[in-house]
Each structure stands twice: as C-alpha cells, then as structure tokens.
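Following is a predicted model, sequence given first.
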Amino acid sequence: MITRRHALKNLVLVTSSLALAPAFVHAQAPAAAAPAAEGVFKLPPLGYDYDALEPYIDAETMKIHHDKHHAAYVSKLNVAIAGAPGLEKKPIEEILSNLDAVPEAVRKDIRNQGGGHANHSLFWQTLKKNENGKPAGALAKAIDTDLGGFDKFQETFAAAATKVFGSGWAWLVWKDKKLMIDSSPNQDSPYSTGGVPLLGIDVWEHAYYLKYQNRRPDYIKAFQNVINWDFVSERYSKAAKA
C-alpha cells in the first residue's frame, strides 16, 4: 500500500531527476560554434560551379582552393588589418601597392594574407572553360608587339610558371606601359612592384595536386584551356588607359 509519505518521496525524486536532465544533456552535447566575426574583407563568390572547369581543373580542387585556402587568407587578413587602423578603408590593391606605408608590426602579414586574397580574387575571374581560346583585339595586338606573338607568350608564360621554385605565381602584367611576363614567390603581388596583374596562374600545390600530383607542367598546359580571355582583355584595356 502506497502511503502519503511514500507518494511525496517519489514525487520529489522524479522532480529532481527532471530538473537535472536538461543540464546533463547540454553538458554532453557539443557546444555550438560562435558566429565568425565580421571583417572588412570578404570571400568573393566563385561565380560558377566547382566542376565548371572539368576536366582541366577538378571540382574537388576548386572547392578546397576557394572555400578553404582563399577563405583562410581573408580571415587572417582581417585579423592583420585590425592592427593598422585606417587601412580598412582602402582596397587591398591600393594597400599592396604601397606596403611601405603599412605599419611594420603587421606588414608581413598583410603582404602575405592580403596578397593571397588579391591574387585569388583575380584568379577566379580569369578562369573559364575555353578550350584553345586566344585573346583578340587590342590585347592580341599588344601580345604580338610586346611578347612576340601568342605562341611565344604561351611558351614564356609556361616557362615562368614551371621555374617558380616552391610555391608562387606566374603573371601576365601591365607594367611600364607594356606587357610583361613575370613571376612571384608565395603570395607576393605584382601590385607591390608597380605592375597591374592581368592574368595569373597559381602554382601552389593546393591549386593542382589532387589531380596532377607532382606533374606541374601538365597542370600548366591544361591551364591554357581555362583562361577567360574576354575578362583579361577588359583588364588590359582599363590598365592601358589608366
């Protein structure tokens, strides 16, 4: 027979268990990630599907390259820029063009992370599946005049990309009122040496290793089929008129 005393005792035990249960459940569940802090610089959208450049550049590489590597440059750039009040009001291209004006304490980080952000932001826009594509119009004429023609450009550009030691970029640059082929280590930007980058090939391993492993020349050859020459031509026209 259940007495009033036993009933009250059972009620207390049940109530106590219910009170403790939510705390126990929450303690076992993983904590929700804090929202990422908003920064001045943003990761630009890729602008096309990850597999848009297949078979020349694979979808998984594009996803990791954009969503992970470029995103990391943006995040670290925002941390660095917070240590240089006033710079957050300037575009990254302007900052990279005058690194001597950047406080020494954050100059290296802004050179590396800001260069990574600027280089990749341009890179995505210069890519488009364009098999056997060639420049036309004023850019084609300038390549003939300054670089000895399109075939010579391809040869020189590929050689510059192949010869980059370790990680870096090869570039088609507008500098000193003419087109030039150049290269840079790491994430250094042509803006920092007085040039305007028109086209760049990323030869960091993260740009090609999933598909091409250590065969960088194969990646460089394939890259010729994914150049958005219309976009490069527009950049050339703006740079030449500036």
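Perfect, I can see it now. Numbers count the residues shown, from 1 in each chain.

so who does Phe165 touch?
If a contact means C-beta atoms under 8 Å, 6 or more residues apart in numbering, then Phe165 has Pro185 as its contacts. C-beta coordinates here come from the backbone N, C-alpha and C atoms, glycine included.

now swap in the one 5 residues further on and tell me
Applying C-beta under 8 Å, 6+ apart to Ala170 gives the contacts Phe157, Ala160, Ala161, Val164, Ile181, Asp182, Ser183, Gly200, Ile201, Val203.

what's around the fourth one, how many residues?
Yep, that's Val164 we're talking about. Here the count is done by other C-beta atoms under 10 Å, and Val164 has 18 residues near it.

which residues touch stretch 39-46?
62, 66, 70-71, 74-75, 77-79, 81, 88, 92, 117, 121, 124.

Among those, show me the least confident.
Taking the contacts of stretch 39-46 together, the minimum pLDDT is found at Glu88 (93).

Is it possible to mark the buried ones in the contacts of Ala170?
Among the contacts of Ala170, the ones that count as buried by 16 or more other C-beta atoms under 10 Å are Phe157, Ala160, Ala161, Val164, Ile181, Asp182, Ser183, Gly200, Ile201, Val203.

I figured the fourth one was touching Asp202, is that so?
Spelled out, it's Val164. No: between Val164 and Asp202 no contact is recorded; they are 10.0 Å apart, counting by C-beta atoms under 8 Å.

those strands in the protein, which residues are they?
Secondary structure of the chain by DSSP state E: the strands cover 168-175, 178-185, 196-202.

Show me which of the contacts of Ala170 is closest to Arg235.
The nearest member of the contacts of Ala170 to Arg235, counting by C-beta to C-beta, is Gly200 at 11.0 Å.

what number of residues lie near Ala242?
Around Ala242 sit 7 other residues, with neighbours defined as other C-beta under 10 Å.

partner residues bridging the closest residue to it other than its chain neighbours?
Setting aside the residues directly before and after it, Ala242 is nearest to Val196 in space (C-beta to C-beta, 6 or more residues apart in numbering), at 7.8 Å. When assigned by DSSP bridges, Val196 has beta-bridge partners Trp174.

Spit out the contact partners of the residue nearest to Asp146 when sequence neighbours are not counted.
Computed as C-beta to C-beta, 6+ apart, the closest residue to Asp146 that is not its neighbour in sequence is Leu179, at 4.0 Å. Leu179 sits next to Ala142, Ile143, Asp146, Leu147, Leu172, Val173, Leu198, Tyr236 when contact means C-beta under 8 Å, 6+ apart.

do the same with Leu127
Here Leu127 is in contact with Leu53, Ile57, Val226, Ile227, Asn228 (C-beta under 8 Å, 6+ apart).

distance of the fourth one from Tyr219?
Read it as Ile227. Counting by C-beta to C-beta, to the nearest Å, the gap between Ile227 and Tyr219 amounts to 13 Å.

Quick one: the strands of the chain as CSV, columns for distance to Asp100 and mean pLDDT too.
Formatted as CSV, the entries for the strands of the chain read as follows, by distance: least, C-beta to C-beta, whole Å; pLDDT from 0 to 100:
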stretch, distance to Asp100, mean pLDDT
strand 168-175, 18, 98
strand 178-185, 18, 98
strand 196-202, 19, 98
